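Trainee: any chance you can model this:
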Amino acid sequence: MVQDDQMMWLMIAMAYSEPLMTPLSQGEAAPFAGRLFNDEAVASIITTKEFAEEQCTITAALDFSLQLAEKQHQIDYLEIEKAALQSKYDAMVEIKDEEIKILRRYTNSKRSTWVFFGGFVLGTSASLFTYYAANKIEVSVQ
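Mentor: Below you'll find the predicted structure:
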């Protein structure tokens, strides 16, 4: 962790200062104050920077893919829910249409007219028969 902090401060310092590079041989004095890195340390810094950029790109792509998958999941769920509700609605409409057909069959206007006249004729006939029978019984009793 300490090495990461030192590396961060070094990167910040390098970003805000003018870079100075002088090749040195072993035992030679440095011409300026600062840090001395060997070739492996410079390669490590460059590699770490490239790795961090690549890791950031991969992490961002992964986060985007996860969010995209989550939104697609929500869309799929809503489409399934819509299809279920549409199916339920279609079934209800079909049941209502069938019920209307049945009710229309029983409330056919021609049929109800014949039922009315049939009831009228039957009722009138029964009344006349009763009247005639009552007069015959009354005449027989006298």
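Trainee: going forward, measure contacts and count neighbours with C-alpha atoms only.
Mentor: Noted.
Trainee: show me the contacts for residue 57.
Mentor: Contact analysis of residue 57 by Cα atoms under 8 Å, 6 or more residues apart in numbering lists nothing.
Trainee: check which element follows the strand or helix carrying it along the chain.
Mentor: When secondary structure is defined by DSSP states H and E, residue 57 falls within helix 39-106. Using DSSP H and E, the next helix or strand after helix 39-106 towards the C-terminus is helix 109-141.
Trainee: between helix 39-106 and that following helix, find me the angle.
Mentor: 30 degrees (axes from the mean of the first three to the mean of the last three Cα atoms, to 10 degrees).
Trainee: for residue 86, see how far away the residue sitting nearest the centre point of the chain is.
Mentor: Central residue of the chain (Cα atoms, centre = their mean): residue 78, 2.7 Å from the mean position. Residue 78 sits 12 Å away from residue 86, going by Cα to Cα, to the nearest Å.
Trainee: ditto for residue 40
Mentor: For residue 40, the distance to residue 86 - Cα to Cα - is 67 Å.
Trainee: same deal with residue 44?
Mentor: On the measure of Cα to Cα, residue 44 and residue 86 end up 62 Å apart.
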